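Q: Curious how this folds, go ahead:
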Amino acid sequence: MSSNRFVHFASCGLAGITAASVTYPLDLVRTRLVAQTKVIYYRVMMQNDSPVLVSLACGSLSTIASSITTFPLDLVRQRKELEEAGGWARGYTTGLFCTFKYIIRTEGFRGLYRGILLEYYKAVPGVGICFMIYETLKILLADISS
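A: Residues are numbered from 1 along each chain as shown. So this is what the prediction gives:
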């Protein structure tokens, strides 16, 4: 394996590990809240509000928060993949941190978030609706089973 391919492999792997590490605590809390049945171990906020609307809001806000933290890593991964296909200049041939430095030097700090609005247009409604549908189905199925 050439060192260039190893750098790409390691960079993509580290990006995935970092993204999963940052978002795992949120996913763990969500899983624990969903898994509790008769005994309530964790109290949720806004208990008097509609669970459907709260789910929509929480799903949307969690997507925004996770995108802010993980988007630069995803951008670096995408740029490295495009470079392999021959679509970008040869500025991304180094490791993860050098690629970050190159983007900041050539495009500024804002370059790390180039395209994040498109991510929001795609992900925020999708995850919010997914949370909302889950809560709706959970309520409907609980009513049917009782």
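
Q: So, low pLDDT: which residues of the chain?
A: Segments of the chain classed as low confidence (criterion: pLDDT under 70) are 1-3, 30, 32-34, 36-50, 84-94, 146.

Q: Any idea how far the host helix or strand of T23 is from the middle of the chain?
A: Assigned by DSSP states H and E, T23 belongs to helix 3-35. Mean-position distance between helix 3-35 and its chain equals 9 Å (Cα atoms, centre = their mean, to the nearest Å).

Q: Which elements pack onto it?
A: helix 51-84, helix 96-107 (3 or more Cβ pairs under 8 Å, 6 or more residues apart in numbering; DSSP states H and E). The C-beta positions use only the backbone N, C-alpha and C, and glycine is treated the same way.

Q: go again using 7 Å as the cut-off
A: Helix 3-35 is packed against helix 51-84, with contacts defined by 3 or more Cβ pairs under 7 Å, 6 or more residues apart in numbering; DSSP states H and E.

Q: Packing partners of the helix it packs on?
A: helix 3-35, helix 96-107, helix 116-145.

Q: now the angle between helix 51-84 and the second one, please.
A: By that I understand helix 96-107. 90 degrees (axes from the mean of the first three to the mean of the last three Cα atoms, to 10 degrees).

Q: what comes up buried for stretch 100-118?
A: Neighbour-count burial for stretch 100-118, counted by 16 or more other Cβ atoms under 10 Å, picks out F100, Y102, I103, G111, L112, I116.
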